[in-house]
Structures are given as structure tokens and as C-alpha cells.
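Asks: model this:
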Amino acid sequence: MRGATGRVLDEYLVVAAAAGDRRAFEDLARRWNRKLIAHAWRLTGDEDAARDAAQSGWVEIARGIGGLRDERAFPAWAYRIVSRRCARFIAGRQADRALAGEVAAQPELCGRDSRRGHRR
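Replies: You can find the predicted model right below:
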């Protein structure tokens with residue numbers, strides 16, 4: 001479904017999901033999950049991280065959909081949620097790299113024989 005018909009269906013599903021219709025939420029997730037994963041993959045360049053970002057994004061979407069005031073805003077809102085998840089992943093990866101760099105720059109401990117693990 002494309003164009004106006006797809007948008008109208010999405011809007012209906014958002015309204016129904018916000019009202020507590022579990023099946024509507026599942027249908028909405030089915031329609032949008034691949035798009036959100038693709039978006040996350042473009043941001044992270046990592047397939048596993050993209051899937052994780054989309055999955056955790058759906059948890060946040062499920063919790064917050066009842067507060068979404070304008071059903072037409074769903075696409076931008078969902079992309080923004082997944083984008084934040086990706087930003088956290090990227091920040092964590094950068095922190096890991098920085099820590100690895102700091103560890104690599106540290107001199108070896110003096111007084112240890114690294115081959116045997118004994119003091120000299």
C-alpha cells in the first residue's frame with residue numbers, strides 16, 4: 001500500500017493502537033519495522049545494532065503511543081526514537097574505542113614477568 005491509502009491506514013492503526021488495540025499495534029509494527037531497521041542501519045552501519053535499536057525503539061513506541069497527539073506525526077516520532085537509540089549505540093562505541101586507546105597507551109606494569117605472571 002502506497003501513498004495516501006498507506007498513510008490513512010497508518011493513521012488509523014496509530015489511533016487504534018493508542019486506544020489499546022493490540023492487533024492494530026502489531027499491524028503497525030509489521031508495516032514499519034523494516035523501515036525503522038533500515039533507518040537504524042544507515043545511522044549505525046551495523047546490522048545487529050540496527051535491529052537492537054529498532055527493537056528497543058518499539059518498546060518506547062508502545063509505551064508512548066497513547067500520548068501521541070497527532071497520528072500523522074507517527075513516522076517522524078518513530079524515526080526520532082530510533083535515531084536516539086542509534087545515537088546511544090554510537091556514543092557507547094566511541095567510549096569503548098577511547099577506553100581501548102587509553103588502555104593501549106598505558107605502559108606495562110613494572111616488576112611483572114608477563115610470560116609467567118610472577119614478580120622478578
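Asks: beyond whichever strand or helix holds Asp27, next helix or strand please.
Replies: Assessed by DSSP states H and E, Asp27 sits inside helix 22-44. Using DSSP H and E, the helix or strand that follows helix 22-44 in sequence is helix 47-64.
Asks: which residue is nearest the middle of the chain?
Replies: Residue closest to the mean C-alpha point of the chain, counted by CA atoms, centre = their mean, is Ala53 at 1.7 Å.
Asks: picking that back up, quick one: buried residues of the helix holding Asp27?
Replies: Residues of helix 22-44 classed as buried by neighbour count (16 or more other CB atoms under 10 Å): 24-25, 27-29, 32-33, 36-37, 39-41, 43-44. (C-beta placed from N, C-alpha, C; glycine too.)
Asks: likewise stretch 8-26?
Replies: Of the residues in stretch 8-26, 10, 13-14, 16-18, 24-25 count as buried by neighbour count, 16+ other CB under 10 Å.
Asks: CA atoms of stretch 20-33 as PDB?
Replies: C-alpha atoms of stretch 20-33 as PDB (Å, rounded to 0.1, in the frame of the first residue of the first chain):
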ATOM      1  CA  GLY A  20      -5.200   0.000  23.300                       C
ATOM      2  CA  ASP A  21      -5.900  -2.200  20.200                       C
ATOM      3  CA  ARG A  22      -3.000  -4.700  20.400                       C
ATOM      4  CA  ARG A  23      -3.700  -6.100  16.900                       C
ATOM      5  CA  ALA A  24      -3.500  -2.600  15.500                       C
ATOM      6  CA  PHE A  25      -0.200  -2.100  17.200                       C
ATOM      7  CA  GLU A  26       1.100  -5.400  15.800                       C
ATOM      8  CA  ASP A  27       0.000  -4.400  12.300                       C
ATOM      9  CA  LEU A  28       1.700  -1.000  12.700                       C
ATOM     10  CA  ALA A  29       4.900  -2.700  13.800                       C
ATOM     11  CA  ARG A  30       4.700  -5.100  10.800                       C
ATOM     12  CA  ARG A  31       4.300  -2.200   8.500                       C
ATOM     13  CA  TRP A  32       7.100   0.000  10.000                       C
ATOM     14  CA  ASN A  33       9.700  -2.400  11.400                       C
END
